[in-house]
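**Student:** can't give you the sequence, but here's the structure:
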């Protein structure tokens with residue numbers, strides 16, 4: 001295998017794996033560019049959509065001006081756009097540069113395939129390695145760069161690699177344009193095409209969600225998250241070694257394993273990253289089985305036109321997944337964080353802490369929680385307030401904040417659960433489109449059992465091991481009291497009862513009322529939802545605030 005071919009393959013792998021490499025930068029981009037989940041999803045989505053649209057036009061252009069020329073131009077454009085991405089200060093600039101990156105990437109990929117396959121001995125295995133390994137290993141590379149430097153380093157590092165691809169194109173022998181009439185090209189069958197789009201969608205969708213959960217939701221360092229998600233490429237390499245069955249059977253089994261592994265991630269019991277490893281290994285094995293079987297065996301991949309079609313199908317599936325999953329994840333995260341804030345207030349109000357501190361403490365802890373880095377914000381707020389307590393009160397405070405942290409972890413997992421299950425459903429749909437042609441051999445039956453048993457086992461583990469989260473009780477009904485004792489405990493009970501009466505009258509929860517009392521933003525949201533200004537004067541409310549030292 002020639003060194004220049006390896007260099008060209010590595011550079012092509014960069015363009016192909018760009019979406020997965022950039023994934024580890026997304027949590028940092030949430031805060032650095034002050035955007036949303038939809039915004040960071042667009043950082044991947046714009047590249048994917050433009051690449052999907054431009055692959056066949058890039059092939060058409062290469063037929064007329066030459067693959068080597070298109071490769072040189074493509075890698076040059078990719079390098080220039082990567083440099084712009086590394087310096088972007090707004091999401092708009094970044095997205096525009098990402099679109100230009102994809103235009104260059106389309107030309108680079110089409111040319112790389114033709115140049116690698118244009119010699120006397122087509123290097124099929126090298127291309128397969130590019131397709132499989134580059135996509136799977138991308139997050140580890142992105143995580144290492146983000147941890148060591150920043151999200152900008154990911155794009156900076158792409159520049160020299162793209163330039164290496166440019167040089168490799170220049171020194172490769174020219175490739176004669178393909179002369180295969182349209183009517184003689186192999187037909188792309190619907191079943192394998194849908195399966196390829198679906199399994200690509202599932203893998204990218206869950207990788208996007210898993211990284212956000214690990215880094216933004218669980219507050220893991222990017223390098224730690226990168227090490228955890230290396231389970232996916234390890235599984236992919238192992239899955240690619242499995243031979244023997246027909247391509248259809250291997251592809252169907254792979255789709256099932258991806259579906260089962262992805263679905264299991266919806267029931268993670270706690271914030272220990274090792275819980276994600278077995279499902280990732282299962283999905284990785286499915287990836288190693290399905291992608292090589294679909295691209296090149298069930299779907300033709302003999303010419304640059306074939307490769308452009310296969311890559312277009314893959315990226316179409318990825319784009320659909322991101323467009324569907326990102327808004328759902330964003331909506332669920334907002335809803336889960338808002339509900340978690342109420343649960344946190346409930347924990348504080350029920351804690352055995354001095355009554356005069358409770359209503360002041362709850363908003364200080366919970367209003368700090370944001371959607372960009374919720375766990376980090378909670379930990380910082382808890383650390384800031386800890387010095388106000390000592391002795392038995394400190395022990396009660398630590399217990400309360402620990403339970404609040406558990407509640408936040410559960411909320412983050414719940415926020416992404418629906419989107420994760422949708423990603424898993426994509427892979428299941430892919431398997432269904434292959435079943436009619438697959439042989440029900442032992443391997444396929446084993447894959448089906450694993451795909452069902454793994455999510456079931458994780459659902460059971462979640463039920464048994466996940467921490468109990470507080471319920472938001474009806475303020476109109478009697479509830480247990482904190483029982484802190486003494487005159488202060490009596491006053492506390494009266495004050496909390498008064499808050500219950502106000503909340504019951506307004507139609508809200510006691511917890512929502514407490515948050516609204518301490519924050520003008522929460523007060524506006526409260527008035528909009530319940531039609532009542534929570535800070536308006538009333539005898540009962542003044543009594544409650546006075547008893548707790550806030551009047």
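**Tutor:** Received, thanks. Because the structure is predicted, anything quoted here is derived from the model rather than measured.

**Student:** Around residue 511, how many other residues sit close by?
**Tutor:** Residues lying near residue 511 (other CB atoms under 10 Å) number 26. To be clear about C-beta, it is placed using only N, CA and C from the backbone, and glycine gets the same treatment.

**Student:** for the one 4 residues further on, same thing?
**Tutor:** Residue 515: 26 surrounding residues under other CB under 10 Å.

**Student:** ok, it - contacts?
**Tutor:** Applying CB atoms under 8 Å, 6 or more residues apart in numbering to residue 515 gives the contacts 341-342, 345, 362-363, 366-367, 522, 526.

**Student:** Distance check, it against residue 363.
**Tutor:** Using CB to CB, to the nearest Å, residue 515 is found at 6 Å from residue 363.

**Student:** Common neighbours of the two, please.
**Tutor:** Contacts common to residue 515 and residue 363, judged by CB under 8 Å, 6+ apart, are 345, 522.

**Student:** Let me know the closest of the contacts of residue 515 to residue 328.
**Tutor:** Closest to residue 328 out of the contacts of residue 515 is residue 341 (20.7 Å), distances taken as CB to CB.

**Student:** my guess is the closest one contacts residue 366, does it?
**Tutor:** Yes: the criterion here is CB atoms under 8 Å, and residue 341 meets it with residue 366 at 4.3 Å.

**Student:** If you count neighbours, what's buried in stretch 512-525?
**Tutor:** Within stretch 512-525, the residues that count as buried by 16 or more other CB atoms under 10 Å are 512-519, 522-523, 525.

**Student:** repeat for stretch 523-539
**Tutor:** 523, 525-527, 530, 532, 534.

**Student:** Could you save these as a markdown table and add columns showing secondary structure and distance to residue 480?
**Tutor:** Formatted as a markdown table, the buried residues of stretch 523-539 follow (DSSP: H, G, I helix; E, B strand; the rest coil; distance: CB to CB, whole Å):
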| residue | secondary structure | distance to residue 480 |
| --- | --- | --- |
| 523 | helix | 28 |
| 525 | helix | 28 |
| 526 | helix | 25 |
| 527 | helix | 30 |
| 530 | helix | 25 |
| 532 | coil | 27 |
| 534 | coil | 24 |
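
**Student:** Pick the one among these closest to residue 438.
**Tutor:** Of the buried residues of stretch 523-539, the one sitting nearest to residue 438 (CB to CB) turns out to be residue 525, at 52.4 Å.

**Student:** you'd agree that closest one is up against residue 516?
**Tutor:** Yes: applying CB under 8 Å as the test, residue 525 and residue 516 come out as touching, 7.4 Å apart.

**Student:** Can you pull out the low-pLDDT segments for the stretch 401-550 of the chain?
**Tutor:** Counting by pLDDT under 70, the stretch 401-550 of the chain contains low-confidence ranges at 482-491, 535-550.

**Student:** can you rerun that using 50?
**Tutor:** Along the stretch 401-550 of the chain, the model assigns pLDDT under 50 to residues 537-540, 543, 545, 547-550.

**Student:** that older thread, what is the most widely separated pair among the buried residues of stretch 523-539?
**Tutor:** With CB to CB as the measure, no two of the buried residues of stretch 523-539 lie farther apart than 525 and 532, at 12.0 Å.

**Student:** Can you lay out the contacts of residue 515 as TSV showing distance to residue 412 and secondary structure?
**Tutor:** Shown next, in TSV, are the contacts of residue 515 (distance: CB to CB, whole Å; DSSP: H, G, I helix; E, B strand; the rest coil):
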residue	distance to residue 412	secondary structure
341	13	helix
342	16	helix
345	18	helix
362	20	helix
363	21	helix
366	15	helix
367	18	coil
522	21	helix
526	24	helix
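
**Student:** tell me which of those is nearest to residue 354?
**Tutor:** residue 362 (13.0 Å).

**Student:** and that closest one, how many neighbours?
**Tutor:** 26.

**Student:** Also the one 10 residues further on?
**Tutor:** When neighbours are defined as other CB under 10 Å, residue 372 has 19 of them.

**Student:** Regarding it, what is its secondary structure?
**Tutor:** Assigned with DSSP: H, G, I helix; E, B strand; the rest coil, residue 372 falls in the coil class.

**Student:** Could you verify my assumption that it touches residue 31?
**Tutor:** Yes: between residue 372 and residue 31 there is a contact under CB under 8 Å: 4.8 Å.

**Student:** Mind jotting down where the helices sit in the stretch 301-450 of the chain?
**Tutor:** Using DSSP state H, counting those that start in this stretch, the helices assigned to the stretch 301-450 of the chain run over residues 304-350, 355-366, 374-386, 391-435, 442-465.

**Student:** what do you get for the stretch 451-551 of the chain?
**Tutor:** Under DSSP H, counting those that start in this stretch, the stretch 451-551 of the chain gives helices at 486-506, 510-518, 520-530, 539-547.

**Student:** same for the first one, what does it pack against?
**Tutor:** This points to helix 486-506. Judged by 3 or more CB pairs under 8 Å, 6 or more residues apart in numbering; DSSP states H and E, helix 486-506 is in contact with helix 355-366, helix 510-518, helix 539-547.

**Student:** What residues sit buried inside that helix?
**Tutor:** For helix 486-506, using 16+ other CB under 10 Å, the buried residues are 489, 491-493, 495-504, 506.

**Student:** cool, and stretch 452-460?
**Tutor:** 454-455, 458.

**Student:** would you list these in JSON lines and tack on distance to residue 390?
**Tutor:** Listed next are the buried residues of stretch 452-460 as JSON lines, based on distance: CB to CB, whole Å:
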{"residue": "454", "distance to residue 390": "47"}
{"residue": "455", "distance to residue 390": "46"}
{"residue": "458", "distance to residue 390": "41"}
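
**Student:** Now do the strand or helix carrying residue 203 against helix 391-435, angle only.
**Tutor:** Using DSSP states H and E, residue 203 sits within helix 190-211. Per axes from the mean of the first three to the mean of the last three CA atoms, to 10 degrees, the angle that helix 190-211 makes with helix 391-435 is 170 degrees.

**Student:** tell me the average confidence for helix 190-211?
**Tutor:** For helix 190-211, mean pLDDT is 89.

**Student:** Remind me what that helix packs against, helices and strands.
**Tutor:** Counting by 3+ CB pairs under 8 Å, 6+ apart, the packing neighbours recorded for helix 190-211 are helix 3-23, helix 26-32, helix 37-65, helix 124-148, helix 247-264, helix 277-294, helix 304-350, helix 391-435.

**Student:** tell me, which of those helices is the model least confident about?
**Tutor:** When the helices and strands packed on helix 190-211 are compared by mean pLDDT, helix 124-148 comes last with a mean of 70.

**Student:** Compute the distance between residue 11 and residue 108, please.
**Tutor:** Between residue 11 and residue 108 the computed distance is 7 Å (CB to CB).

**Student:** can you list residues touching both of the two?
**Tutor:** Shared contacts of residue 11 and residue 108, defined by CB under 8 Å, 6+ apart, are found at 75, 162, 165.

**Student:** Which of those residues has the largest number of neighbours?
**Tutor:** For the shared contacts of residue 11 and residue 108, neighbours were counted using other CB under 10 Å, and residue 75 has the most, 31 neighbours in all.

**Student:** so what's that one scoring on pLDDT?
**Tutor:** Residue 75 is assigned 93 on the pLDDT scale.

**Student:** Three-state assignment for it, please.
**Tutor:** Using three-state DSSP, the structure places residue 75 in helix.

**Student:** From what I see, it and residue 166 are in contact.
**Tutor:** Yes: the criterion here is CB under 8 Å, and residue 75 meets it with residue 166 at 3.9 Å.

**Student:** Quick check: neighbours shared by the two?
**Tutor:** Common neighbours of residue 75 and residue 166 (CB under 8 Å, 6+ apart) are residue 11.

**Student:** Break the protein into its domains for me.
**Tutor:** Annotated domains of the chain cover 1-176, 334-411, 486-547 [automatic domain parsing].

**Student:** tell me the most buried of those?
**Tutor:** Among those, ranked by average contacts under mean count of other CB atoms under 10 Å, first place goes to domain 1-176 (a mean of 21).

**Student:** how far out from the middle of the chain is that domain?
**Tutor:** Between the centre of domain 1-176 and the centre of its chain there are 20 Å (CA atoms, centre = their mean, to the nearest Å).
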